[in-house]
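Novice: need coordinates for the following:
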Amino acid sequence: MQGIGIGTSDFKKLRVKDYYFIDKTMYIKNILDNKSEIVLITRPRRFGKTLNMSMLKYYFDCKTKDNKQLFKGLRIMEQDEKYTSKLGYYPVIYMTLKDVQDRNYENMILNMKTAMLEMYQEHRYLLDSEKIYPEEKERIKEILYARENEVDLKNSVKELSKYLNRHYDKPVMLLVDEYDVPLQNAYVEGYYDDAIKFFKTFYGVTFKDNPYLEKTVITGVSRVAKESIFSGANNFKVFTVLDNEFSSDFGITTEEMEKVINDFEIQEEKEEIREWYDGYTVGNTVGIYNPWSILNYLTDRKLIPYWVNTSSNDLIKLILKNSTSVKEKIERLLKDEAIEVSVDQETVIVGIEQNEDNIWGLLVGTGYLKMVETVDITEGRYKVKIPNFEIKALFQSIVRDWFRDKVIGNNLNSILKDLVTLNLEEFEEKFKILVEQMFSYMDVGISTAENFYHAFVLRNVSRAKRYLLCKF
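Specialist: Residues are numbered from 1 along each chain as shown. A predicted model of the protein is given here:
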């Protein structure tokens, strides 16, 4: 049985070590078939975006001549010459922004310099090229030594594409992975305004009228509004989880999962695995499994949350915590209901907790909810649902956090103590907060109010009896 490369996002390493690989090389064909010069694909985290970008890099890169062996036996090599002729054809710029984040803007810029240094390091050979002018080599050195100013930093990708275009006499493939990480982190940490100014200029210079590029492929978790970051970019097309294009290129499809089940002989666990890690829908592809969770399950053979524990979920928790209207709908989702909402896929991060359409768009796009039915596509109305047990466990955890935040003393014990010790003024104040901020109108409506209060009171009378018995 082949090994499982958990956390291995480098395509070459995966193939050289002969780790288990689900053949996604038709993604290469789909990228080449797409007519847009700039393609942005958003998918949930840990859904194979970085591995797919690495695969594109090794396929197109012309500076490495032995990459054909990496694709031996894979589906892309069965295609006609239109596609196979692009193997090792283009100069490639690969840029990842996954580490361009920190607690303040100054440190973010330092991390951005490091990311550019690593990108330029792959093309250090340009310093020996006769086609690169002496003053240009000096600018390359400034990047390599992280001595550039912010203006140079904003121009660094376009400059490198110019050098590569001239050195190889070919247009450049630009691959940008996790483009949205710096902005999401900046919002959580409180320096979003400075970050958006920088990246609006950076992406504008990189993409707008850049004559040296053949195609740009960008991946991220969320679709940040074009007006706020990609203004001026020409021939720009976004593909989210609601679009049919590239719908089977990320995650594990039902058909692919059947092969996994047979290869690892886990037929008896099939239904439980489906309940825990299946349930995602992308465009017209239904029944997509979370690849990170599946790989971890194949290693540990435990049905536990894997995907939700790979991130702090800070942005999601911040948004949900500050939106009272969304909380009520979350309760219905936790009852396994499908709810009808308006979904805006263009995430405007600033003030997102006040824009419910934006919140649902972010939750759907980032994998916390799935679309189950299109109600009105022109108005962007869909029915959505929690996809599986793993995500439901996260929402339950978030609700518990709300409860701890709102109830004084972090639990009901202080309220109970005030009641049984006849500290009625404190009890009244705390109970008022509990009712106003924690009881849902769905539970205390006209037809169900008494049921909910009865349940609450009976439960705590029982707890009070136990408390008094322990005391006396």
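
Novice: what about the strands in the stretch 1-150 of the chain?
Specialist: Taking DSSP state E, counting those that start in this stretch as the criterion, the stretch 1-150 of the chain carries its strands at 38-42, 92-96.

Novice: out of those strands, flag the one nearest Glu142.
Specialist: With respect to Glu142, and counting by Cβ to Cβ, the nearest of those is strand 92-96 at 17.5 Å. All C-beta atoms are positioned from the backbone trio N, CA, C, and that covers glycine.

Novice: off-centre distance for that closest one?
Specialist: 19 Å (Cα atoms, centre = their mean, to the nearest Å).

Novice: contacts for that strand next, please.
Specialist: For strand 92-96, the external contacting residues (Cβ atoms under 8 Å, 6 or more residues apart in numbering) are 50, 53-54, 56-57, 60-63, 115-116, 119, 122-123, 157, 160-161, 164, 172-178.

Novice: can you turn the buried part of these into a PyMOL selection?
Specialist: Buried members of these, identified by 16 or more other Cβ atoms under 10 Å, are gathered into one PyMOL selection as follows:
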select buried, resi 50+53+54+56+57+60+61+62+115+116+119+123+157+160+161+164+172+173+174+175+176+177+178
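
Novice: now, the contacts of strand 92-96 that are in helices?
Specialist: Among the contacts of strand 92-96, the members found in helices (DSSP state H) are 50, 53-54, 56-57, 60, 115-116, 119, 157, 160-161, 164.

Novice: I'd like those written out as TSV, with pLDDT and distance to Ser36 added.
Specialist: Listed next are these as TSV, based on pLDDT from 0 to 100; distance: Cβ to Cβ, whole Å:
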residue	pLDDT	distance to Ser36
Thr50	96	21
Met53	98	17
Ser54	97	21
Leu56	98	15
Lys57	98	19
Phe60	98	16
Ala115	97	25
Met116	97	25
Met119	97	23
Val157	97	19
Leu160	98	22
Ser161	98	18
Leu164	98	21
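
Novice: count the residues that sit near Met108.
Specialist: 22 (other Cβ atoms under 10 Å).

Novice: my guess is it contacts Pro182. True?
Specialist: Yes: using Cβ atoms under 8 Å, Met108 makes contact with Pro182 at a distance of 6.2 Å.

Novice: find the residues that touch each one of the two.
Specialist: Shared contacts of Met108 and Pro182, counting by Cβ under 8 Å, 6+ apart, come down to 100-101, 195.

Novice: what about Lys131, how many neighbours?
Specialist: Quick note: Lys131 (other Cβ under 10 Å) scores 12 neighbours.

Novice: now swap in Glu429 and tell me
Specialist: Glu429: 13 surrounding residues under other Cβ under 10 Å.

Novice: and the pLDDT at it?
Specialist: Here the pLDDT value assigned to Glu429 is 74.

Novice: before we move on, what about Leu434?
Specialist: 62.

Novice: the one 10 residues further on too?
Specialist: Reported pLDDT at Val444 in the predicted model: 44.

Novice: let me see the contact set for Asn185.
Specialist: 101-102, 108.

Novice: with distance to Trp307 and pLDDT added, can I get the residues you listed in a markdown table?
Specialist: Output for these, formatted as a markdown table (distance: Cβ to Cβ, whole Å; pLDDT from 0 to 100):
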| residue | distance to Trp307 | pLDDT |
| --- | --- | --- |
| Gln101 | 20 | 93 |
| Asp102 | 25 | 94 |
| Met108 | 26 | 97 |
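
Novice: closest one to Glu256 out of these, please.
Specialist: Nearest to Glu256 among those, counting by Cβ to Cβ, is Gln101 at 32.2 Å.

Novice: the closest one reaches Asn111, doesn't it?
Specialist: Yes: with contact defined as Cβ under 8 Å, Gln101 and Asn111 form a contacting pair (6.8 Å).

Novice: tell me which of these two has more neighbours.
Specialist: Gln101 (20 against 16).

Novice: could you measure from that one over to Tyr179?
Specialist: 12 Å (Cβ to Cβ, to the nearest Å).

Novice: neighbours around Ser231, how many?
Specialist: By the measure other Cβ under 10 Å, the count of residues near Ser231 is 13.

Novice: need the contact list for it.
Specialist: Counting by Cβ under 8 Å, 6+ apart, Ser231 makes contact with 200, 204.

Novice: helix, strand, or coil at it?
Specialist: Under DSSP: H, G, I helix; E, B strand; the rest coil, Ser231 falls in the coil class.

Novice: same thing with Thr374?
Specialist: Secondary structure state of Thr374, per three-state DSSP, is strand.

Novice: the closest residue to it other than its chain neighbours: what secondary structure?
Specialist: In space, and not counting its chain neighbours, Thr374 is closest to Tyr382: 5.7 Å by Cβ to Cβ, 6 or more residues apart in numbering. With three-state DSSP as the basis, Tyr382 sits in strand.

Novice: what's the spacing between Tyr382 and Ile415?
Specialist: 40 Å.

Novice: and the two? which has more neighbours close in?
Specialist: Neighbour tally, Tyr382 and Ile415, criterion other Cβ under 10 Å: the higher count belongs to Tyr382, 24 against 20.

Novice: ok, that one touching Glu373?
Specialist: Yes: assessed by Cβ under 8 Å, Tyr382 is found in contact with Glu373 at 6.6 Å.

Novice: how about the helix or strand harbouring Tyr297: buried residues?
Specialist: Take DSSP states H and E as the rule and Tyr297 turns out to sit in helix 291-300. Neighbour-count burial for helix 291-300, counted by 16+ other Cβ under 10 Å, picks out 291-298.

Novice: got it, and stretch 125-135?
Specialist: 126, 129, 132.

Novice: mind putting these into a markdown table with pLDDT and distance to Glu189?
Specialist: Shown next, in a markdown table, are the buried residues of stretch 125-135 (pLDDT from 0 to 100; distance: Cβ to Cβ, whole Å):
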| residue | pLDDT | distance to Glu189 |
| --- | --- | --- |
| Leu126 | 98 | 35 |
| Ser129 | 98 | 40 |
| Ile132 | 98 | 38 |
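
Novice: which one of those sits closest to Ala393?
Specialist: Using Cβ to Cβ, these come closest to Ala393 at Leu126, 49.7 Å.

Novice: could I get the buried residue list for whichever strand or helix holds Lys197?
Specialist: Lys197 belongs to helix 192-207 when assigned by DSSP H and E. In terms of neighbour count (16+ other Cβ under 10 Å), helix 192-207 has its buried residues at 192, 195-196, 198-207.
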